[in-house]
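Chemist: kindly return the folded structure for what I paste below:
(chains A and B)
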Amino acid sequence: MSLYDKFSRLASEREQFCTSGINPFGTCIDDVYSATEGRIGNQKVILAGTNNYLGLTFNTQAIADGQMALATQGTGTTGSRMANGSYKSHIALEQEIADFFNRPTAIVFSTGYTANLGIISALAGHGSVVLLDADSHASIYDACTLGGAEIIRFRHNDAKDLERRMIRLGDRARDAIIIVEGIYSMLGDVAPLAEIVDIKRRLGGYLIVDEAHSFGVMGATGRGLAEEVGVEQDVDIIVGTFSKSLASIGGFAVGSKAMDVLRYASRPFIFTASPSPSCIASVRSSLKTIAEQPELRQKLWDNSHRLYDGLDKLGYKLGSHISPVVPVIIGHKEDGLRIWRELIELGVYVNLILPPAAPAGITLLRCSVNAAHSEEQIDAIIHAFATLKNNTQ
Amino acid sequence: MHYATAYFNYLAYRYIDTAMLNRKIVMDYTLSCLQDMVESGLDIKPDSDLVNDLGLESIKVMDLLMMLEDRFDISIPINILLDVRTPAQLLESLIPYLENINEPV
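Modeler: Have a look, this model is predicted:
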């Protein structure tokens, strides 16, 4: 038996999708021209398959700050913060994030995945019980497994289902950890956070909200869904990422003063090299931009509505919520692949998502818009979908 | 027969009987759920491999567990699935969670 035999089924399934054309699960974007345009092979495309929600990847100030840090502090830290020390900029960024959220403590991680892994695995150890939304990101599942907690799933965005499961736990519910996301990355739908907070108030437990896709996108100042719903005081920890609205890479968690101890208890924090100085510098710059330019969020939502409405008028089946993630639901995965490739030929890059990454056995063409898309670009995306619709009728 | 012994025998009989009955009910329900989850025409048996024989994605197996939780009104962590490959193994893993139920489920 070879080392990779257990993956033979996966390998043959993936091969089917890669034999005749561009590989949807390893697409090479040959050039990136801006936050909204790139090139795949010979085809110039509108980038409508990124998480660059505020369009800040080419922000002039963020690039300048990143370049300055690169020149003055070097290419990398080459080690973990506990063993090799923190750079002054790591500590400054943590203070700035804490201030942004009006919380006593922020901890910076090297990726968004590691942020969930680090926080949840440290808190959800053996003997703990976690209730998580069935559609939670893999990092949340992996974190619970790493920690060793008992994992109870509740039906996606179903607060009543969560309540039933909390009641079944009896006294254990008081110490249970509930984990939800702000915006879910596949269908762009939003957690019923007010109802979930109500359950927590009545039955106890702790609440962690992953605002990876909602930070910078929701709330009066961009702090996410908890801010938008007005329940920040009821959320014990907010986890987020730098790789979406903040247009870089890394992650963070904000919480109470007591959370600071996790720096010494969280293995994914302790044993990972810290983010590079240029990365930290560009995040600090973009965080400032988010605070100073709320109009970016308005533009993002205008674009989201424009795309959603345009595809809806064409008769495409979409997700139930309007958000920067606009999923087009396709019946069969073979159709999904064909349409995905045709869209590239028409100059539009979106994401092909197959089950089990897509929930409920569906195939998705996940479109995402950002604040840097012009109205003309949004219309061009809609036009490409219209062309496909005409071709198949 | 001493009263205590008789009572003990009654409890033992009732417990064993209930436990056996519950095993059958849980297996029947598991197999009926699987009927709705797998491609039609597949032969579903207690020793069928959920992934390799029945083609279930791991997420579907977790959904099955959720259905069992609701049907029998118990909490079952998905951690138990680590060692589960077949419906029969699933049933064995569920036994500790059914033990507190002294009535037919």
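Chemist: now A:R223, nearest residue through space, not along the chain?
Modeler: Using CB to CB, 6 or more residues apart in numbering or on different chains and skipping the chain neighbours, the partner closest in space to A:R223 is A:F101 (5.9 Å). To be clear about C-beta, it is placed using only N, CA and C from the backbone, and glycine gets the same treatment.
Chemist: next: A:A281.
Modeler: Closest to A:A281 by CB to CB, 6+ apart is A:A69, at 3.5 Å.
Chemist: before we move on, the earlier item: pretty sure the residue nearest to A:R223 is touching A:I238, no?
Modeler: Yes. Here A:F101 reaches A:I238: they are 6.7 Å apart, a contact under CB atoms under 8 Å.
Chemist: spatially nearest residue to the closest residue to chain B within chain A, not counting backbone neighbours?
Modeler: Residue of chain A nearest chain B, by CB to the nearest CB: A:E150 (3.7 Å). Sequence neighbours aside, B:P77 is the residue nearest to A:E150 in space, at 3.7 Å (criterion: CB to CB, 6+ apart).
Chemist: ditto for A:V231
Modeler: In space, A:V231 is closest to A:V197, 4.5 Å off (CB to CB, 6+ apart).
Chemist: the residue nearest to A:A281 sits in which helix or strand?
Modeler: In this assignment (DSSP states H and E), A:A69 forms part of helix A:60-73.
Chemist: chain center to the helix or strand following that helix: distance?
Modeler: Moving toward the C-terminus from helix A:60-73, the next helix or strand (DSSP H and E) is helix A:81-84. Relative to its chain's centre, helix A:81-84 lies at 27 Å (CA atoms, centre = their mean, to the nearest Å).
Chemist: my guess is A:L93 meets A:S282, correct?
Modeler: No. The criterion here is CB under 8 Å, and A:L93 misses it with A:S282 at 10.5 Å.
Chemist: more neighbours, the two?
Modeler: A:S282 (29 against 23; other CB atoms under 10 Å in any protein chain shown).
Chemist: where along chain B do the helices fall?
Modeler: B:3-37, B:58-72, B:87-98 (DSSP state H).
Chemist: my guess is the residue nearest to A:E150 contacts A:G148. True?
Modeler: No. Applying CB under 8 Å, one finds B:P77 not in contact with A:G148, separated by 10.8 Å.
Chemist: so where's chain B shaky on pLDDT?
Modeler: Residue ranges of chain B with pLDDT under 70: B:1-19, B:100-105.
Chemist: name the residues of it found near chain A, please.
Modeler: Within chain B, the positions near chain A by CB under 8 Å from any CB of the partner chain are B:57-60, B:62-63, B:65-66, B:69-70, B:73-79.
Chemist: generate a ChimeraX selection restricted to the buried subset of these.
Modeler: This is how ChimeraX selects the buried members of the residues of chain B next to chain A, with burial counted by 16 or more other CB atoms under 10 Å in any protein chain shown:
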select /B:59,60,62,63,65,66,69,75,76,77,78
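Chemist: which parts of chain A sit against chain B?
Modeler: So far as CB under 8 Å from any CB goes, chain A lies against chain B at A:129, A:134, A:145, A:150-153, A:155, A:164-165, A:168-169, A:355-356.
Chemist: kindly recompute the last result at 10 Å.
Modeler: A:9, A:129-132, A:134-135, A:141, A:144-145, A:148-155, A:161, A:164-170, A:172-173, A:355-357, A:359-361 (CB under 10 Å from any CB of the partner chain).
Chemist: nearest to chain A: which residue in chain B?
Modeler: Taking CB to the nearest CB as the measure, the point where chain B comes nearest chain A is B:P77, at 3.7 Å.
Chemist: list the contacts of that residue.
Modeler: A:129-130, A:144, A:149-153, B:65, B:69, B:97 (CB atoms under 10 Å, 6 or more residues apart in numbering or on different chains).
Chemist: repeat that for 6 Å
Modeler: B:P77 makes contacts with A:150-152, as judged by CB atoms under 6 Å, 6 or more residues apart in numbering or on different chains.
Chemist: repeat for A:A143
Modeler: Applying CB under 6 Å, 6+ apart to A:A143 gives the contacts A:116-117, A:120-121.
Chemist: redo that, cut-off 8 Å
Modeler: A:116-121, A:124 (CB atoms under 8 Å, 6 or more residues apart in numbering or on different chains).
Chemist: out of those, which sit inside helices?
Modeler: With DSSP H as the criterion, helices contain A:116-121 from among the contacts of A:A143.
Chemist: and which of these is nearest to A:S304?
Modeler: Of all these, A:N116 has the smallest distance to A:S304: 25.0 Å, by CB to CB.
Chemist: now do the closest one against A:L193, distance only.
Modeler: Distance of A:N116 to A:L193, given as CB to CB, to the nearest Å: 18 Å.
Chemist: more neighbours: these two, which one.
Modeler: A:N116 (31 against 24).
Chemist: in which helix or strand would I find the residue nearest to the more buried one when sequence neighbours are not counted?
Modeler: The shortest distance from A:N116 to any non-neighbouring residue, by CB to CB, 6+ apart, is to A:S139 (4.0 Å). Element membership for A:S139 (DSSP H and E) is helix A:138-147.
Chemist: this completes my enquiry, with thanks.
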